[in-house]
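**Q** 3D model of this:
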Amino acid sequence: AARIRPAVLELIDAAGLARVATFLGAAALAGTPLESIAPGETFLLAQSDTAGAAVEAAAIAAVFAEAGGRVTMSTDAATGERLLDIRRAVHPAFAATGQVLIEDVAVPRSRLPEMFRAIEEIGARHGLEIPTIAHAGDGNLHPNFVFTGDEVPEHVWAAADELFRAAVALGGTLTGEHGVGILKRRWLAAELGEDSFELQRGIKALFDPSGILNPGVMFEASAPPAR
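**A** All right, here's what the predicted structure looks like:
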């Protein structure tokens with residue numbers, strides 16, 4: 001709303017932030033905003049690289065403060081890298097506690113608060129904590145399911161099903177940057193609608209009548225047409 005476009009705008013939710021803090025440890029966090037975090041706090045990181053970066057960074061800091069945030073601003077490379085290292089530690093922190101299924105949905109930026117609430121509610125219904133990070137500048141969220149064992153448990157898939165449908169209901173999409181592929185093809189028709197779904201299947205069949213190009217990817221595999 002402030003019409004500022006930072007080069008980086010990354011968000012770690014409270015569940016994810018707690019795992020990162022545990023993973024990095026007190027020594028690594030000394031002198032950073034994570035040195036003392038309160039329960040429920042999240043981490044929002046912005047970076048500016050424009051010609052007037054210092055002015056833009058100050059404007060961003062003011063927006064964060066007006067929203068009630070505790071703001072730390074860095075203007076040198078070393079402390080800036082320490083802030084970025086907090087974000088970079090997310091996936092190692094999650095992987096340190098189990099197998100990780102990383103999901104990828106996107107919603108309009110104005111609906112991000114609703115999507116974060118939906119993720120928390122879905123996790124509560126299924127007895128799961130779903131630590132989530134977001135490329136907040138474009139509404140792209142990565143909810144993470146951490147589990148034990150070699151197979152994704154059924155209750156995780158059930159939660160993922162609700163999560164995908166919640167994103168679509170908020171005017172979003174099943175995937176912000178990684179594509180539908182095989183994993184999400186069962187939900188594609190729900191996002192596109194039957195008419196658009198069948199139209200896209202028809203376009204695929206037109207250029208690949210024998211079904212030999214990436215068979216079974218994005219669309220369920222089907223038998224080639226009779227000749």
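**Q** walk me through the domains of this protein.
**A** Per the record's domain assignment (the TED database), the chain is made up of the domains 8-170, 193-226.
**Q** which positions in the shortest one come out as buried?
**A** So the one you mean is domain 193-226. Along domain 193-226, these residues count as buried under the neighbour rule (16 or more other C-beta atoms under 10 Å): 201, 204, 211, 219. To be clear about C-beta, it is placed using only N, CA and C from the backbone, and glycine gets the same treatment.
**Q** please apply the same query to stretch 59-75.
**A** Buried residues in stretch 59-75 (16+ other C-beta under 10 Å): 59-60, 64.
**Q** go on, stretch 168-180?
**A** By neighbour count with 16+ other C-beta under 10 Å, stretch 168-180 contains the buried residues 168, 170, 172-176, 180.
**Q** which of the domains of the chain is buried the deepest?
**A** Among the domains of the chain, the stretch with the highest mean neighbour count (mean count of other C-beta atoms under 10 Å) is domain 8-170, at a mean of 16.
**Q** that one spans what distance, first to last residue?
**A** The separation between the terminal residues of domain 8-170, taken as C-alpha to C-alpha, to the nearest Å, is 24 Å.
**Q** got the residue ranges for the helices in this protein?
**A** Per DSSP state H, the chain carries helices over the ranges 14-29, 53-66, 77-88, 90-95, 112-125, 154-169, 188-192, 194-207.
**Q** contacts for the fourth one?
**A** Contacts with helix 90-95, where a contact means C-beta atoms under 8 Å, 6 or more residues apart in numbering, come from 12, 16, 19-20, 22-24, 100, 102, 131, 133, 144, 146.
**Q** got it, and the fifth one?
**A** Residues external to helix 112-125 that are found in contact with it (C-beta under 8 Å, 6+ apart): 13, 105, 107, 128-130, 132, 134, 136, 139, 141, 143, 159, 162-163, 166-167, 170, 172.
**Q** so of these, which ones are in strands?
**A** Of the positions in the contacts of helix 112-125, 105, 132, 134, 141, 143 sit in strands, assigned by DSSP state E.
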